[in-house]
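> build the 3D model from these lines:
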Amino acid sequence: MWVTSSLTTALSPANVALGNFDGVHLGHQAVIAKILHQTPQRDLSVSQVLGEGRDPDPRSRLKPERGDRSYATVVSFSPHPQEFFSGQRQPLLTPVKEKVEQLRSLGVEQLVLLPFTEALARLSPEAFVEEILRRYLNAQRVSVGENFHFGRNRSGNSQRLRQIGQQYHIETCITGLQELDGDRISSSTIRQALAAGQIQHANRLLGRPYRLDGTVELGQQLGRTLGFPTANLKLPDDKFLPHWGVYSTWVQLDDGSHHPGVMNLGCRPTVAGDRPSVEVHLLDWDGDLYDRPLSLHLMTFLRPEQQFPGLDALTAQIRQDCQTARSHLDSLPNPESSLTP
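Numbering: from 1, shown residues only. Below is the predicted model:
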């Protein structure tokens, strides 16, 4: 997949799904589905993830042949517009690298990650369509959600986008709000579920387990002395963290293998922890994980973080957590399987 933060290196013509898409949840997937191709994709051999590898002109290498279809493209924004306007940090359900992976798995061929600047925020709806969608992307089709707003002071909505697009012969697809079990599928609903420890509900709205991706770093090694060695995970600074506590999780190693595990998120009050940490114990596995990337697929919330009177009580609880996690994971053997009903 081609990833760029510059419109001058964007591939065109494009079919565009437009929005923030933080989480790439089931509602987002419904919007994105309308710009995907049913025929096999081109092999886009060049990849640039925010400066990781550069190509002076990818269009010369990847320009479609005459009569070929448009690139299936997601246009999103960085930072999140809410962060830009509020000045407050906005933790993300899917930081950039994770978002790229999720979009690629859906069949998206290009991600244009527009820097959300004052100049972009000032564009009128008409200027946004003319400059970005028409001039740079040569958009043939644009897909948005029913509640999409754009342009200066959010003055444009999905119907206005359709009206402006007609002037340039751009087809506009509008997807209605999506619901599951009576709940609206949205990034804010998923955040609320995660904050409350309702991991299974969040997973159903996402259509997959919520993930924590990071690299193993050296910890205090206390777990090893208790008989439960743990891997301490360094996460992206902008990752949204769920409710503190203990979770059953499938642990994906960098070799692609999956292993059952128990994760603790919090400050470990029993051992006087002074900062939040994420540590995971892999069941029935032993080896060196330092400096290796891990992905934790959170499956069930076992209990909130608590303080124990001593290490013996903590060890007994960890043993119980492992047994409970094992019983839960036995019924959820595939961390990549769809959780949709």
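
> rest of the way, CA atoms for contacts and neighbours
Will do.

> sec struct for residue 163, please.
What DSSP: H, G, I helix; E, B strand; the rest coil gives for residue 163 is helix.

> any weak-confidence spans in this protein?
Scanning the chain with the threshold set as pLDDT under 70 gives 38-68, 219-227, 268-275, 333-341.

> excluding chain neighbours, what is closest to the residue nearest the centre of it?
Computing the C-alpha centroid of the chain and ranking residues by CA atoms, centre = their mean puts residue 94 first, at 2.3 Å. Nearest non-adjacent residue to residue 94, counting by CA to CA, 6 or more residues apart in numbering: residue 23, 5.1 Å away.

> please apply the same query to residue 314.
Distance criterion CA to CA, 6+ apart; nearest residue to residue 314, sequence neighbours excluded, is residue 308 at 5.9 Å.

> list the contacts of the residue nearest to the centre of the chain.
By CA atoms under 8 Å, 6 or more residues apart in numbering, the contact list for residue 94 reads 22, 23, 24, 239.

> so the third one sits in a helix?
No - when classified by three-state DSSP, residue 24 is found to be coil rather than part of a helix.

> who does whichever strand or helix holds residue 98 touch, helix- and strand-wise?
Here residue 98 sits within helix 96-106, counting by DSSP states H and E. If you count contacts as 3 or more CA pairs under 8 Å, 6 or more residues apart in numbering; DSSP states H and E, helix 96-106 packs onto no helix or strand.

> buried stuff in that helix?
Using 16 or more other CA atoms under 10 Å as the test for burial, helix 96-106 gives 96, 98, 99, 100, 102, 103.

> identify all contacting residues around that helix.
Residues from elsewhere that reach helix 96-106 (CA under 8 Å, 6+ apart): 1, 3, 22, 23, 24, 49, 111, 213.

> wait, which of those residues is closest to residue 74?
residue 111 (4.9 Å; CA to CA).

> number of residues surrounding that closest one?
Close neighbours of residue 111, defined as other CA atoms under 10 Å, add up to 26.

> contacts only, for residue 8.
residue 136.

> on that earlier part again, right, and the helix or strand after the helix holding residue 98?
Per DSSP H and E, the first helix or strand lying C-terminal to helix 96-106 is strand 110-115.

> now the helices for the stretch 101-250 of the chain?
118-122, 125-128, 158-167, 187-195, 199-206, 222-225 (DSSP state H, counting those that start in this stretch).

> relative to helix 187-195, how tilted is the fifth one?
Here helix 199-206 points in a direction 160 degrees away from that of helix 187-195 (axes from the mean of the first three to the mean of the last three CA atoms, to 10 degrees).

> would CSV of the contacts of residue 94 with neighbour count and distance to residue 69 be doable?
Formatted as CSV, the contacts of residue 94 follow (neighbours: other CA atoms under 10 Å; distance: CA to CA, whole Å):
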residue, neighbour count, distance to residue 69
22, 20, 27
23, 24, 28
24, 24, 24
239, 17, 35
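
> would you point out the most distant pair within these?
Farthest apart among the contacts of residue 94 by CA to CA are 24 and 239. That separation is 14.3 Å.

> tell me where the longest strand sits in the chain.
strand 293-304 (DSSP state E).

> centre of the chain to the next helix or strand after that one, how far?
Sequence order places helix 311-330 as the next helix or strand after strand 293-304, per DSSP H and E. Relative to the centre of its chain, helix 311-330 is centred 29 Å away, using CA atoms, centre = their mean, to the nearest Å.

> elements contacting helix 311-330?
Using 3+ CA pairs under 8 Å, 6+ apart, the elements in contact with helix 311-330 are strand 245-252, strand 258-266, strand 293-304.

> re the thing from before, need the winner for burial among the helices of the stretch 101-250 of the chain.
helix 199-206 (a mean of 23; mean count of other CA atoms under 10 Å).

> helices or strands up against it?
If contacts are counted by 3+ CA pairs under 8 Å, 6+ apart, helix 199-206 sits against helix 187-195, strand 210-217, strand 293-304.

> good, we can wrap up now.
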